[in-house]
Each structure stands twice: as C-alpha cells, then as structure tokens.
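Novice: what shape does this take:
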Amino acid sequence: MATVTPQVAPAATPPAAAKGRPRRPRVWRGAVLVVAALYFLVPLLASFVFTVDDPSEGFTLDAYGQIFSAEGFGRSLLLSLGLGVVTIALVLLLTLPAMIAVRLSAPRLRTVLEVVCTLPLVVPPITFVAGISTVLRWGPDYLASTPFYQTIIAVQNPDFPVVLVLAYVVLALPFVYRSLDAGLGAIDVRTLSEAARNLGASWPHVVFRVIIPNLRSGLASAGFLTLALVLGEFTIAQLLSFQTFPVWIYTISGSQAQVSVAVSVFSLLITWLLLLVLSSAGARQRSGS
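Specialist: Here you go, the predicted model:
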C-alpha cells in the first residue's frame, strides 16, 4: 500500500512588481517636523537670547539668578500650585464617578455627558469671566441679609480664591473628559467590575482597587493638563484681580522685563519636562500591560 505523505503548499511569493517597487520618499514627514520645530523653538530661542544678552555685560545669567529672589515669586507660584492641586482633585471627583457610572449603568447617557463636559470649549473665556464678575458684584447687594453673604465673600479670599478653583474646574472639564475617556476606552470596565463583584468586592473596592489602578496613565494626563491650564491661565485671574503666577509675570514685565521672560522660559521648560516624564510613564505602562 502506498504511503500517503502530506503535501505542503509552497509559500506565496510576492509579485515581481512588489519586489522591485521603490520605497516612497518620506521627505514630507521631515519637512513637517522641521516646520513644527522652527515654530516652537525659534520663539523660545529668541526669548532665551533676550534674557542672557546684556548690552553692557554681554552674556549673563543674572536674570535667571533673580527669579527665586524676586518679590512675589514664591507667593504667586505657591498660590497657583495650590489652586492647581485643588482643581485636579475636584474635577476628578466630579468626572470620574460620573463616567464610570455612565459606562456601567447608563451607556445611552454617554453622549449627554460628553456634550456637557465639552461645552466650555465653545464659551469664550472673556464671556465666562464677565458672567462670574457680574454674579460676584450682584451677590453682596442682594444676599446681605442671608447666610450666603459670608459664603460669597469667602470664595473671594485673596489668600486662596475658591472662585478661581470653580472657574478652572469648568475650563478643565473638556481636557479631563477626553483623557479619562481614552483611558476607560483602553480597558474593559464592565468585565473588570463584574469579575470583582463576583469575587465579593464592594463598589468602593472595585473603583479604588480595580478601575483606578488601570487608569493611571489617563489620570496622570488629566492631572497634567489641568495643572498646565491653571499655571498658564491669565484672563480670569487678571480680570478678577487675583495675583496668580501668570498675573505676577505680567505685573513685573514692566519693571523687570528680562526676569519676567526668564520666568516664562523656565516655567515652559519645566512644563515640557513634566510632559516628557508623563509620556515615558504612559509608554512604560502600555508596554507592561
């Protein structure tokens, strides 16, 4: 009886045209990168040259040495950092539970939540702060005989203006929503929640021990974007007469122009460094998962 041997089909060979096809030049990619680099680096380089070029002394770093000793630097920076930390905590406390609840229990409301969170993008900041200032002026006149009078006075405390936190929460909603939405979209929230619940975990345990650890990259992105927004926001703080870090930079620009530009360059470099750290952390998390 003849032995039957399996026949292995020959591997498909690429067509001759594919073998000899020349690779398309990627010149356009390099051109786009060069244009983007020039767009960002030329103003930064010009600002740096302005801070180190002294007509009488030549190259000097005195402007950078005067940053930490400048009057109001520490107080305004600490105020902006404090506002940023409280804003991050409050905006995450508002958006994260709502987004998790919508994904698990009411997916039809996801569009409604998205519209509400991205609505601040269509409201100009000048209009937004005009409405806030109108309410703040209206409050003391009409709430003087009510318990809310002290509240509306307390939210305008110059040492820590809570009204700025509330305004920054509204401005940060679109960025926080997009960051968390991308993080939640990368994991199967429903499967993780059902598995944890079947093992006897409570809902707080599911949120803090199952979902949030898998959202570290999204939470970090949301926190960084919110902090960058707070450290760079000028219009609302200036029109409401609060001395935040950007307002302080603008204030000293008239008397100490080189120091103000040096502070701007220094803060921009710190922001880029934080962005690189965040990007590398997110890349490590994705490669580990």
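
Novice: who touches stretch 66-84?
Specialist: Contact with stretch 66-84 is made by 159-161, 164-165, 168, 226-227, 230-231, 243-248, 251-252, 256, 259, 262-263, 266, as judged by C-beta atoms under 8 Å, 6 or more residues apart in numbering. To be clear about C-beta, it is placed using only N, CA and C from the backbone, and glycine gets the same treatment.

Novice: strands of the stretch 1-150 of the chain, start to end?
Specialist: Under the criterion DSSP state E, counting those that start in this stretch, the stretch 1-150 of the chain contains strands at 53-54, 58-59.

Novice: what subset of the contacts of stretch 66-84 is buried?
Specialist: 161, 164-165, 168, 226-227, 230-231, 243-248, 252, 256, 259, 262-263 (16 or more other C-beta atoms under 10 Å).

Novice: inside helices: which ones of those residues?
Specialist: Assigned to helices by DSSP state H, the following of the buried ones among the contacts of stretch 66-84 qualify: 164-165, 168, 226-227, 230-231, 245-248, 252, 259, 262-263.

Novice: now, which of those residues sits nearest residue 192?
Specialist: Comparing these against residue 192 with C-beta to C-beta places residue 226 closest, at 25.5 Å.

Novice: the helix or strand where residue 176 lies - contacts with which helices or strands?
Specialist: Here residue 176 sits within helix 162-185, counting by DSSP states H and E. Under the contact criterion of 3 or more C-beta pairs under 8 Å, 6 or more residues apart in numbering; DSSP states H and E, helix 162-185 touches helix 73-105, helix 110-118, helix 125-142, helix 216-232, helix 235-239.

Novice: any idea how far residue 48 is from residue 225?
Specialist: Distance, residue 225 to residue 48, by C-beta to C-beta, to the nearest Å: 25 Å.

Novice: same question for residue 84.
Specialist: To residue 48, residue 84 is 25 Å away according to C-beta to C-beta.

Novice: who's more crowded, the two?
Specialist: Between residue 84 and residue 48, counting by other C-beta atoms under 10 Å, residue 84 is the more crowded of the two (23 against 17).

Novice: re the thing from before, next, format the strands of the stretch 1-150 of the chain as CSV and append mean pLDDT and distance to residue 277.
Specialist: As requested, the strands of the stretch 1-150 of the chain are exported to CSV (pLDDT from 0 to 100; distance: least, C-beta to C-beta, whole Å):
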stretch, mean pLDDT, distance to residue 277
strand 53-54, 77, 31
strand 58-59, 76, 30
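
Novice: so which of those is the most surrounded?
Specialist: strand 53-54 (a mean of 12; mean count of other C-beta atoms under 10 Å).

Novice: what's the burial count for residue 237?
Specialist: The tally of other residues near residue 237 (other C-beta under 10 Å) stands at 26.

Novice: swap in residue 179?
Specialist: Neighbour number of residue 179 under other C-beta under 10 Å is 23.

Novice: likewise residue 77?
Specialist: Burial measure for residue 77: 18 neighbouring residues, criterion other C-beta under 10 Å.

Novice: so what's it scoring on pLDDT?
Specialist: pLDDT, residue 77: 87.

Novice: please apply the same query to residue 168.
Specialist: pLDDT, residue 168: 95.

Novice: go on, residue 288?
Specialist: For residue 288, the model assigns a pLDDT of 56.

Novice: which residues touch residue 60?
Specialist: 52, 54.

Novice: please tell me how far residue 174 sits from residue 226.
Specialist: For residue 174, the distance to residue 226 (C-beta to C-beta) stands at 11 Å.

Novice: roughly how far is the host helix or strand of residue 191 from the heart of the chain?
Specialist: Assessed by DSSP H and E, residue 191 sits inside helix 189-198. Mean-position distance between helix 189-198 and its chain equals 29 Å (C-alpha atoms, centre = their mean, to the nearest Å).

Novice: so that helix versus helix 162-185, what angle?
Specialist: If you take axes from the mean of the first three to the mean of the last three C-alpha atoms, to 10 degrees, helix 189-198 sits at 90 degrees to helix 162-185.

Novice: what's the next helix or strand after helix 189-198 packed up against?
Specialist: Counting by DSSP H and E, the next helix or strand C-terminal to helix 189-198 is helix 203-206. Packed against helix 203-206 by the contact rule (3+ C-beta pairs under 8 Å, 6+ apart) you find helix 189-198.

Novice: having no further points to raise, I will conclude here.
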